[in-house]
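Engineer: sequence first, predicted model second:
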Amino acid sequence: MSISQSVRKALEASSWVRRMFELGLEMKKQFGDDQVFDLSLGNPVLEPPKEFHQELRRLAEAPIPGMHRYMPNAGIKETRMAVASRLARETGLSFTENEIIMASGAGGALNVIFKTILNPGEEVLVPAPFFWEYIAYAGNHGGSVRAIPTGKDFQLDLGVIEEEVTSATRAIIINSPNNPTGVVYSPEMLKSLGALLSKLSEKLNTLIYLISDEPYARIIFDGLEYPYVYPFYSPTIVATSFSKDLSLAGERIGYIAVHPDFNGKLELIEGLTYSTRVLGFVNAPAMMQRAVQASIDLNVDVGWYQTQRDRLCRSLEDMGYQFVHPQGAFYLFPKAPIADDVAFAQELISHRVLVTPGVGFGGPGHFRISYSVEERVLEGALHGLSLAARAHGLPG
């Protein structure tokens, strides 16, 4: 056996997102790029802001002496200061660079967090549907993920959370705006969640962390202000990246932020910094840290994503599909017109439309559409979605 049993098992149950993406590549070779409409992958389609490219060019043409060398494992001080300054401004809390650890994307950040806080056999609760890689990330470090159901419109069900938290629960992880639903949790919901976790921590005489995975925090629509979790619960750790708001998914740059008022923060930050090193990241990419430092207040054109959302929602609503209207991210999670979401996704393949079955997010009976695609791809996919709807008695 050339690989471990655990990796072999993981490969057999590989991500539906990746399966569909690879299928899309094969179909494009067969039919041509313009005849396949791939809505399966959440890959930012917009280019980074021009100012980001200008900063990269400046760094390349006038390099800072030593800028490619090792640095403190937590990252470049000036970059962490820039992140902290923005968080302090937006949350009203006293963030400093000491609460920030630069990371290799949100995925890298979550691995660092789980390495730091999980003991063998401890669990992380996650409201479903959710980003499936959480399971692997926790498993990498001796823990496990246990999915729990959400309530109406995919909102948190606090009653369920109260019932499901046990002495083995080390953390609950939330993702808002959510992948795959686009749901945003309100300040009122987050306040209630924080109060519940405080009560449960005291009842069980344990520390339950709230981990907030926030790569879509700045992809938010309809004039909403992003509801940060920090004001409502001090044992909060945030993992995020610049993958979506600056369209830098391939650069693997993000950060971890620890609540500045958490009374265990010094040991936690020391642990996060150590884990960054021993997991082999050592530090986040140096060039990208410098570049995002100067781009900290920039954003891609969120209005473009909102236009894509509105076009898709209007069209699918007319076709008869049922869905929760997304308030952020760049996904729609409609209910499939048949119970078997995998079978429905396969039907769409016959129309050269690729989506991701909801079972791949712990949300069977639904399917995920990414509208972070070129306009022609979205337009071309609507015809196949219409044909599939009509085949199951919807208006189409």
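Structural biologist: Now that the structure is in, tell me what you want to look at. Numbers count the residues shown, from 1 in each chain.

Engineer: look up how far residue 231 lies from residue 377.
Structural biologist: 39 Å (CB to CB, to the nearest Å). In short, each C-beta sits where N, CA and C put it, glycine included.

Engineer: before we move on, what about residue 209?
Structural biologist: Residue 209 sits 16 Å away from residue 231, taking CB to CB as the criterion.

Engineer: how about residue 293?
Structural biologist: Distance from residue 293 to residue 231, by CB to CB: 26 Å.

Engineer: then residue 5?
Structural biologist: 45 Å.

Engineer: ditto for residue 305
Structural biologist: Counting by CB to CB, the gap from residue 305 to residue 231 is 27 Å.

Engineer: same question, residue 302
Structural biologist: As judged by CB to CB, residue 302 and residue 231 stand 23 Å apart.

Engineer: which helix or strand contains the residue lying closest to residue 355 once chain neighbours are set aside?
Structural biologist: In space, and not counting its chain neighbours, residue 355 is closest to residue 367: 4.7 Å by CB to CB, 6 or more residues apart in numbering. For residue 367, the element it lies in under DSSP states H and E is strand 367-370.

Engineer: could I get the full set of helices for the stretch 1-150 of the chain?
Structural biologist: Ranges of helices in the stretch 1-150 of the chain, per DSSP state H, counting those that start in this stretch, are 5-12, 16-31, 50-61, 77-91, 105-117, 133-139.

Engineer: out of those, which gets nearest to residue 333?
Structural biologist: Across those, residue 333 has its closest neighbour in helix 16-31 (13.2 Å, CB to CB).

Engineer: run through the bridge partners of the closest residue to residue 345 other than its chain neighbours.
Structural biologist: Nearest-residue entry for residue 345: residue 357, 4.6 Å, with adjacent residues in sequence omitted and distances by CB to CB, 6+ apart. Assessed by DSSP bridges, residue 357 has beta-bridge partners residue 367.

Engineer: please name the residues that touch residue 357.
Structural biologist: 16, 341-342, 344-345, 364, 367-368 (CB atoms under 8 Å, 6 or more residues apart in numbering).

Engineer: give the buried residues for stretch 85-95.
Structural biologist: Using 16 or more other CB atoms under 10 Å as the test for burial, stretch 85-95 gives 87, 91, 93, 95.

Engineer: one more: stretch 183-190?
Structural biologist: Under 16+ other CB under 10 Å, the buried positions of stretch 183-190 are 183-185, 189-190.
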